[in-house]
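Participant: Take a look and give me a structure for this.
(4 chains)
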There are 2 protein chains.
Amino acid sequence: MAPRTVSLSRERVVAAAVELLDTAGEGGLTFRALAAHLKTGAGAIYWHVSDKNDLLVAATDAVLTPAMATPAADDTPEAALRAIALGVFDAIDAHPWAGTQLAMAATQPAMLRFFESIGRQVQALGVPAGAQFTAASAVLQHILGVGGQNAATARAFAGGTSRTEHLATTADVWAGLDPGDYPFTRAVAEQLRDHDDREQFLAGIDLILAGIVTLRRIAGPAG
Amino acid sequence: MAPRTVSLSRERVVAAAVELLDTAGEGGLTFRALAAHLKTGAGAIYWHVSDKNDLLVAATDAVLTPAMATPAADDTPEAALRAIALGVFDAIDAHPWAGTQLAMAATQPAMLRFFESIGRQVQALGVPAGAQFTAASAVLQHILGVGGQNAATARAFAGGTSRTEHLATTADVWAGLDPGDYPFTRAVAEQLRDHDDREQFLAGIDLILAGIVTLRRIAGPAG
DNA sequence: ACCTGAACACCGTTCAAGT
DNA sequence: ACCTGAACACCGTTCAAGT
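Facilitator: Model prediction:
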């Protein structure tokens, strides 16, 4: 006879953690809540994960691994890099807690796969061997930085105010800054009002790609 | 008669928090430890800060504000941007907990000043008005991303292993990856071994600057 | 081998009571 | 106005005891 409740497993624990993080936010993941959700005791979870950090790393990996775009053979390296970057961006957009985790842990398993994938496209761009590491790191760091920022923004909204509402409020603050102290920020306040995170993110990636292409002849020892 | 113990103030509370964060790490800042350090009760601190987040934001601001480089009048915009970026980098290097905080909070007061300062140099580079916001954001995001990464790395060392030791271990792991799955990462493993965080950070900034200069004619509506 | 759930050693935050 | 410190409602983690 099949058991009425499926027995515990690392997979089920991690899946429940993802669900809890998505619905209740970063503060909602506690061992007690997780145990209640899995209809077991708090200590049972420790049989499958070593501690909370292990659980967080596994949950982040679980949502990022499927987000990894596999570039088509006929994509240009630029297009492939944009696809990879957007995959991570959208995954973090859907799971902000993963952005926090990502910005903090370079040792994430998913990170290595992203780095590898980015590096291959950097090679395809014709960057000399001596400069490939630097170029790939810059791209990865940009992705992580924006991810962290987005996660912070998402957390700021947990309290109900909507995204556009918040942008409008911030734009108002910027527009009201002292023109003597903050001429630049004041000047771009209106651009913030109809600002699109995704678009902005892609523009940053394009800036780095343009820099890589421009510097590829002079940046490193011949490869 | 002067009081033997100076009375509490927001400044003293924040300064003690910085000291605790620097010496005991992010986990070392508790209201009880802070109260003991200030020879007072835990609740007294709440008269001067509204909660722990407020305290963390204030502490981050306290270490970042003096880190803000003021570019000389005869600096090129590129040199000025590098100086600003390095100032933040070094501050986070000295106070890793601030990097965690920075990567998470775009609302930090210090952030606005950095953004303004970066934006002015972007203007000085001749970027058209329509593209200045994007360019300045890309630079700021890169700084924050690297800051977050560095903070994570620093935290990983809390356990005693030294910086170079850790780099060597990671390089070994990379060098031992399956060549079929991770050709790029394997290939750059040796570059990781004598990798300098600061140098790498500057190279990333230079990549973005090169991209900005390359795209400045085509990136936005005429300014 | 895996699960239970009480117990331990902590947290941030509040609040009546003091000065 | 400012400080005290016990109390409250939580945490992550451990561990004897069960199956």
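
Participant: Tell me the helices and strands packed up against the lowest-mean-pLDDT helix or strand in chain A.
Facilitator: The element with the least model confidence among the helices and strands of chain A, by mean pLDDT, DSSP states H and E, is helix A:96-104, at a mean of 81. Using 3 or more CB pairs under 8 Å, 6 or more residues apart in numbering or on different chains; DSSP states H and E as the contact definition, the elements that helix A:96-104 packs against are helix A:52-64, helix A:77-94, helix A:129-157, helix B:96-104, helix B:129-157. Where C-beta positions appear, they are placed from N, C-alpha and C, glycine not excepted.

Participant: residue in chain A nearest to chain B?
Facilitator: Closest residue of chain A to chain B, CB to the nearest CB: A:Gly145 (2.1 Å).

Participant: count of neighbours near that residue?
Facilitator: 27 (other CB atoms under 10 Å in any protein chain shown).

Participant: In this structure it contacts B:Ala138, no?
Facilitator: No - with contact defined as CB atoms under 8 Å, A:Gly145 does not count as touching B:Ala138 (9.4 Å).

Participant: about what we covered before: go through the helices and strands packed on helix A:96-104 and name the closest to DNA strand D.
Facilitator: When those are ranked by distance to DNA strand D, counting by CB to the nearest atom of the strand, first place goes to helix A:52-64 at 3.6 Å.

Participant: residues touching whichever residue of chain A sits closest to DNA strand D, list them.
Facilitator: Across chain A, the shortest distance to DNA strand D (CB to the nearest atom of the strand) belongs to A:Gly43, at 2.9 Å. With contacts defined as CB atoms under 8 Å, 6 or more residues apart in numbering or on different chains, A:Gly43 has no neighbours.

Participant: Quick one: name the residues of chain A near DNA strand D.
Facilitator: Along chain A, the residues adjacent to DNA strand D under the rule CB under 7 Å from any atom of the strand are A:29-33, A:42-43, A:46, A:51-53.

Participant: one more time with 6 Å, if that's ok
Facilitator: Of all the residues in chain A, those in contact range of DNA strand D (CB under 6 Å from any atom of the strand) are A:30-32, A:42-43, A:46, A:51-52.

Participant: Buried ones among those residues?
Facilitator: Restricting the residues of chain A next to DNA strand D to buried positions leaves A:Phe31, with burial counted as 16 or more other CB atoms under 10 Å in any protein chain shown.

Participant: Can you name the two of the residues of chain A next to DNA strand D that sit furthest apart?
Facilitator: A:Arg32 and A:Asp51 (15.0 Å; CB to CB).

Participant: Put the alpha carbons of whatever helix or strand A:Gly211 lives in into CSV.
Facilitator: Take DSSP states H and E as the rule and A:Gly211 turns out to sit in helix A:197-215. Taking C-alpha atoms only, helix A:197-215 is exported to CSV below (Å, rounded to 0.1, in the frame of the first residue of the first chain):
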residue,chain,number,x,y,z
ASP,A,197,14.8,47.5,-15.0
ARG,A,198,15.1,44.9,-17.7
GLU,A,199,16.0,47.5,-20.3
GLN,A,200,18.5,49.2,-18.1
PHE,A,201,20.1,45.9,-17.3
LEU,A,202,20.5,45.0,-20.9
ALA,A,203,22.0,48.4,-21.7
GLY,A,204,24.6,47.8,-19.0
ILE,A,205,25.5,44.5,-20.5
ASP,A,206,25.8,46.1,-23.9
LEU,A,207,28.1,48.7,-22.5
ILE,A,208,30.4,46.1,-21.2
LEU,A,209,30.3,44.1,-24.4
ALA,A,210,31.1,47.3,-26.4
GLY,A,211,34.1,47.8,-24.1
ILE,A,212,35.3,44.2,-24.5
VAL,A,213,35.1,44.5,-28.3
THR,A,214,36.8,47.8,-28.3
LEU,A,215,39.7,46.6,-26.1
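
Participant: one step back: hmm, who's touching the least confident helix or strand of chain A?
Facilitator: Looking at what lies outside helix A:96-104 - CB under 8 Å, 6+ apart - the contacts are A:21-22, A:25-26, A:29, A:56-57, A:59-60, A:63-64, A:91-92, A:108, A:111, A:144-145, A:147-148, A:150-152, A:154-155, B:100, B:103-104, B:145, B:148-149, B:151-152, B:155.

Participant: ok so, going back, now the residue of chain A closest to DNA strand D: how far from B:Asp206?
Facilitator: Relative to B:Asp206, A:Gly43 is positioned 52 Å away (CB to CB, to the nearest Å).

Participant: ok, and of the residues of chain A next to DNA strand D, which contact DNA strand C?
Facilitator: On the criterion CB under 6 Å from any atom of the strand, A:42-43 are the entries of these that sit beside DNA strand C.
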